[in-house]
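Enquirer: predicted model and sequence below, questions to follow.
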Amino acid sequence: MVIITLQRNKCIGCNYCVELAPSQFQMSKKDGKSVLLHSEEKKGFFTLKSRDDTIFDSCDEAKKACPVKIIEVKQR
């Protein structure tokens with residue numbers, strides 16, 4: 001299982017996450033910030049739990065590329 005967390009309110013809209021993991025991230029047309037697709041929001045943190053382990057590598061690359069370090073990726 002892969003668990004991805006995005007702290008969206010700190011996003012600066014650099015678009016790296018979308019370029020590296022387009023199946024998980026998208027840029028909002030409303031505010032220009034990243035959106036973690038199919039995630040659930042709780043207290044400003046957006047979390048996606050996926051059984052698809054193939055998304056780990058691209059999401060981990062997005063985490064490493066994020067200049068404000070607001071993406072967390074874990075594999076269980």
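Expert: Good, I have the coordinates.
Enquirer: buried ones in stretch 51-65, by neighbour count?
Expert: Residues of stretch 51-65 classed as buried: Ile55, Phe56, Ser58, Cys59, Asp60, Glu61, Ala62, Lys63 (neighbour count, 16 or more other CB atoms under 10 Å). In short, each C-beta sits where N, CA and C put it, glycine included.
Enquirer: any idea how far that stretch is from the middle of the chain?
Expert: Here stretch 51-65 is found 9 Å from its chain centre; the criterion is CA atoms, centre = their mean, to the nearest Å.
Enquirer: which other helices and strands contact the top helix by length along the chain?
Expert: The single longest helix within the chain, with elements called by DSSP state H, is helix 56-65. Applying 3 or more CB pairs under 8 Å, 6 or more residues apart in numbering; DSSP states H and E, we find helix 56-65 packed against strand 2-7, helix 16-20, strand 71-75.
Enquirer: what strands line up against the last one, and which way round?
Expert: Paired with strand 71-75 in the same sheet, following DSSP bridges, are strand 2-7 (antiparallel).
Enquirer: quick one: mean pLDDT over the partner strand.
Expert: For strand 2-7, mean pLDDT rounds to 98.
Enquirer: which residues are contacting it?
Expert: By CB atoms under 8 Å, 6 or more residues apart in numbering, the surrounding residues in contact with strand 2-7 are 17, 24-25, 34, 36, 39, 44-53, 55-56, 59, 70-76.
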